[in-house]
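In: show me the folded form of this:
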Amino acid sequence: MRAFVHDIFDPAKPWGALALAVVVLAIAVSIARLLKLWTKRLVERSHGMLDPTAVIYFSQLAQVVCFILALIIYAHLVPELQRLGDTVLASAGLVSLVIGLAAQNTLGNLISGFSLLLYRPFGIGDVLTVNTPTGKETGTVREFTLGYTKLMTEDGRWIIIPNSLMASTIVIRVK
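Out: Below is the predicted model of the structure:
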């Protein structure tokens with residue numbers, strides 16, 4: 001029985017690597033959900049002492065980091081991925097250039113979101129007027145995520161604006 005369990009989780013064998021991937025993914029998902037639940041409770045119990053915009057933003061960032069760490073741990077446990085990792089590390093300059101160009105918009109939204117969080121031109125609950133392709137729209141900030149700011153108009157429509165645009169456009173804060 002012990003040898004059977006050892007074979008199931010042997011990362012050198014395909015089914016062992018798959019079983020290990022399922023375990024690592026389950027742990028990462030559990031930790032990410034706990035982080036989300038913990039930050040939700042933290043905001044509710046702070047009674048306005050903590051800025052919900054900042055707490056939610058950093059919670060999402062922590063969840064992404066959790067999955068990245070799980071991927072790194074998994075890559076170190078599976079021998080085939082270790083060799084691949086060594087190869088990728090050897091060509092890190094080229095890989096970082098390719099990833100940087102491919103994820104330019106995503107990284108720009110992430111950095112712009114951090115900038116918006118740092119300078120605080122608005123927060124959750126603020127009423128903003130923004131220019132959209134259909135003209136000026138007014139909405140209440142409902143969500144501030146890693147990549148987007150989401151406004152809800154009075155008639156129930158969502159205006160979803162990339163953080164890079166929110167950081168570079170003129171926004172009128174109504175209330």
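In: distance check, Leu97 against Ala103.
Out: 11 Å (CB to CB, to the nearest Å). Placement of C-beta: from N, CA and C, glycine included.
In: name the helix or strand for Asn131, please.
Out: For Asn131, the host element (DSSP states H and E) is strand 127-132.
In: which elements pack onto the longest strand anywhere in the chain?
Out: Taking DSSP state E as the criterion, the chain has its longest strand at strand 135-144. Judged by 3 or more CB pairs under 8 Å, 6 or more residues apart in numbering; DSSP states H and E, the packing partners of strand 135-144 are helix 52-77, helix 104-119, strand 127-132, strand 148-153.
In: looking at those, which is buried most?
Out: Ranked by mean neighbour count, those are led by strand 148-153 with a mean of 19 (mean count of other CB atoms under 10 Å).
In: ok, and what's touching that one?
Out: By CB atoms under 8 Å, 6 or more residues apart in numbering, the residues outside strand 148-153 that reach it are 109, 116, 128, 130, 137-144, 158-163, 166.
In: for Ile31, which non-adjacent residue is spatially closest?
Out: Closest residue in space to Ile31, ignoring its immediate chain neighbours: Cys66 at 5.2 Å, by CB to CB, 6 or more residues apart in numbering.
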